Each structure stands twice: as C-alpha cells, then as structure tokens.
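Asks: fold the following for me, if possible:
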Amino acid sequence: MTARAADRARYDRATAHLDAPLAIVDLDAFDANADDLLRRAGGKPIRVASKSVRCRALLERVLARDGFAGVMSFTLAESLWLARSGFDDVLLAYPSADRAGFAELTGDPKLASAVTVMIDDPAQLRLIDEARGGGQEVVRVCLELDTSLKLFGGRVRVGARRSPLHSPAQVADMARAVARRPGFEVVGIMAYEGHIAGVGDSLAGRPLRSRAVRLMQAAARRELAERRAEVVRAVRAVAPGLEFVNGGGTGSVQFTAAEDCVTEIGAGSGLYVPRLFDNYTSFSGRPAALFAQPVVRRPGVGVVTVLGGGYPASGAAGSDRLPVPYLPEGLRYDPQEGPGEVQTPLLGSPADDLLLGDKVWFRHAKAGELCERFDTLHLVEGDAVTATVPTYRGEGHTFL
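Replies: Below you'll find the predicted structure:
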C-alpha cells in the first residue's frame, strides 16, 4: 500500500460516520508542516497569514507553539473581529477603505493597540482621519514596500502590483508623511515577495520554464535583499521606534529569514500545503487540508460522477487554479466538463472500484479559500476525527 493509499484508508475510516461533502485537516500533517516552517525560519518568529487558514481554532493551535507570533489578516473587519476575540497582535496586510471599521478602531484603545494597518499612500491617512468620528486613539501603521523586480530601466516588471513604494526614498517619504500627521505611528515595514514565495520553481514536464523561474528568483532575492536593507535604514532614520520588519512567504521562508534586517516571517499556506505548493525545490510539505465529494453516479466503465466540486481558486484563470482529484490515485477530470458547480465526472480505472456514496478526496489549489466552501473542518488524528471546528464561514463571517 502506498503512503497515499494509506492516507485514503485513514480518512475514509475517520469519516465513515459522516456524509460528504465535507472538509478535513489532518493534524499530524498540519503539525509537521508547522515544524518545517519553524526549521526554515531559523529562529525568527513566524506571523501566521490568516487568509491561508480561515479557522480560529487552527490559528489558536499554531500560535500556541513556540516560534509563531501574531496574525497577518486580510480585511479590517476580520482584524477587529480577531482582536475582539483575544488575538493581541494583528497586522492587516492590505490597505482598507472600511470607514466604519476605522471609526471602531480609533474609538477603542484595546483594538487600537492590537491592530496595525497597512499604508502606502498619504490618501489612506486622510481617509482614516475622515472616518474617525471622534475617535482619538493612535493608529499603528505598517508601510508596504513594493518587492517587484524591475529590469531594463523598469520596462519589464516581475512581481505583483501592490504598493507604489519601491525605492528607499519613497518609503522614507511615506514614513515622514505619517510622522507629520497627529494620531499615527509607524511601527513596521512589510515586503511580500510573491514572485519568490508564491511561484513554484519545479514545474512538471517544463524543465526550461523551471530553470527560468529559478534564475529569476535568484536575481530577485539578491536585488530585494539589498534594497530592503536600504529601506529599513532609511525608515529607521525617520521612525527609530520601528518594531518589526516582515517579509517572506511559505515558498521563501529560509531565504528571507537569512536577511539581517528582517525580524519576522509571514507564512500560512505552508500549514495546509495546497496543490500550488507542490512545485518547489526548496521545501516539500504534507497535504493537510482536503475535501471529499460523494460519488452519486456511475455513467459507465471508468467513469464516476461526484456531487459538486467546482471550487476554483483566485488568480489568473487556468488549470492550475482547479482542485485536483487526490484520492484514490489515478482519477482525472473529463476535459470537456472539468469540475462542475453541481456535478463533476471523473475518469480513470479507479472509478470502477467506487460505489455510490464513496468519498473522492480533493486538494484545493490554494489554502484558506477552501474554507469559504465549508462551515466546518473535521480534525483528523490517526484514523479518527477528534474534533470538529467552525471555519470563518461557519462562524457567520465571509470577509471577502
């Protein structure tokens, strides 16, 4: 029996009393992945990206471990909810235009001390001030650095279009704009190198493309390490009380941690290890989050149909954004239908061994987006479900 076949047997036994569709997290794999992130971080604390987890119970589980500290959230409403729930160090990773949320933040000393907001434009400061509604609390501010690699005089750009602040001078000017405005304090810098941390460099069947990605990432790491250090020096001259410099992501933990100026690493997807993180030479993890769909039809030899399953991930549309049939091994989509909203045909010889009601296990392309489809996660240890916990959705929250 292969390791994957053994996992399928465990998951089927653990959930035999449960009807699919359902989602699980294998806690043995989750904890092993957390250990691997800590090893690669080399002693620097890891701030957990909540959008990659979207389950308070699992955020609490990983943050209870030495080496993990703080949450990186994705909306202001989520940040405030987490802070009210007892999370005392929440970094909002994206700018917000949530005026009601800013009024709440600036009017509550507990929330203002727990939540740090992201800024990359003076207009965002004005929006916050206009939203205060009388709230006088000082707003903790993190400045985001654009990490993109610019080549040929800027004519070629590699990296996500995030912050407009690219040079040390631009970030320092933004720090000065914050310092001049009463009611704000610069406490951190964030620089997420998605073109390094979130792009696999070992693509099956594409050796030339993989080689090109590795060369690009090596060049990007060198350029960013030098520029990030210059940015930190420039900002510290304006804001000597800077508390943290956040960088990295699951795919670049060890590289970013090696930079002296970086004080903490952001990561989250590496806990669940979705399919987009299979294609890295720098690390490998264990799939921890899966979902199961029930077999509801047997249209013919070598074909079964499961209920639903069309859960594409965000990003540029493509086959890499689709869930992948994982267990039993050997199933594939019908290329004319793919994963559907209400039914998904699956082809392959393993289909002939599946009966109505049997579970087919899938892996989502991304991590936390799976939790937007399910109210609960069944936590598996060994071959038993030991707890069932709500996702954000299960607690009545869909923040995006």
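Asks: what segments of the stretch 151-300 of the chain are helices?
Replies: For the stretch 151-300 of the chain, the helices defined by DSSP state H, counting those that start in this stretch occupy 168-180, 194-197, 207-238, 253-257, 269-272.
Asks: out of these, indicate the one that is most buried.
Replies: Sort the helices of the stretch 151-300 of the chain by mean neighbour count, taking mean count of other CB atoms under 10 Å, and helix 269-272 sits at the top with a mean of 28. Placement of C-beta: from N, CA and C, glycine included.
Asks: elements contacting that helix?
Replies: helix 27-41 (3 or more CB pairs under 8 Å, 6 or more residues apart in numbering; DSSP states H and E).
Asks: from the contact counts, what lies against the helix it packs on?
Replies: Short answer (3+ CB pairs under 8 Å, 6+ apart): helix 27-41 packs on helix 56-63, helix 253-257, strand 264-267, helix 269-272, strand 376-381.
Asks: partners of whichever helix or strand comes after the first one in the sheet?
Replies: To tie it back to what came earlier, the one meant is helix 56-63. Next in sequence after helix 56-63, counting helices and strands by DSSP states H and E, comes strand 68-73. Next to strand 68-73 in the sheet, as set by DSSP bridges, lie strand 46-49 (parallel), strand 90-92 (parallel).
Asks: give me the residues contacting the longest one.
Replies: Translated: strand 46-49. Outside strand 46-49, the residues that touch it by CB atoms under 8 Å, 6 or more residues apart in numbering are 37-38, 59, 62-63, 67-72, 74, 91, 93, 246, 249, 253, 264-269, 271.
Asks: among these, name the buried ones.
Replies: Using 16 or more other CB atoms under 10 Å as the burial test, those include 37-38, 59, 62-63, 67-68, 70-72, 74, 91, 93, 246, 249, 253, 264-269, 271 as buried.
Asks: what's near enough to touch residue 229?
Replies: 259-261 are the contacts of residue 229 under CB under 8 Å, 6+ apart.
Asks: secondary structure element holding residue 360?
Replies: strand 359-363.
Asks: need the CA coordinates for that strand. CSV is fine.
Replies: What follows is strand 359-363, C-alpha atoms only, in CSV (Å, rounded to 0.1, in the frame of the first residue of the first chain):
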residue,chain,number,x,y,z
LYS,A,359,-15.8,9.6,-1.0
VAL,A,360,-13.4,11.0,-3.5
TRP,A,361,-10.8,13.3,-1.8
PHE,A,362,-9.6,16.5,-3.4
ARG,A,363,-6.9,19.1,-2.7
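Asks: what helices or strands is it leaning on?
Replies: Strand 359-363 sits against helix 3-14, strand 289-300, strand 324-327, with contacts defined as 3+ CB pairs under 8 Å, 6+ apart.
Asks: for these, which one ends up most surrounded?
Replies: strand 324-327 (a mean of 21).
Asks: so which of the strands paired with strand 68-73 is nearest residue 377?
Replies: strand 46-49 (15.8 Å; CB to CB).
Asks: average pLDDT for the closest one?
Replies: Over the span of strand 46-49, the pLDDT mean works out to 98.
Asks: give the buried residues for it.
Replies: 46-49.
Asks: repeat for stretch 103-123
Replies: The neighbour-count check on stretch 103-123 (16+ other CB under 10 Å) flags 103-106, 108, 111-112, 114-120 as buried.
Asks: average pLDDT across it?
Replies: pLDDT averaged over stretch 103-123 gives 98.
Asks: now the helices and strands packed on strand 359-363 in TSV, with mean pLDDT and distance to residue 219?
Replies: Shown next, in TSV, are those (pLDDT from 0 to 100; distance: least, CB to CB, whole Å):
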stretch	mean pLDDT	distance to residue 219
helix 3-14	96	36
strand 289-300	97	33
strand 324-327	97	31
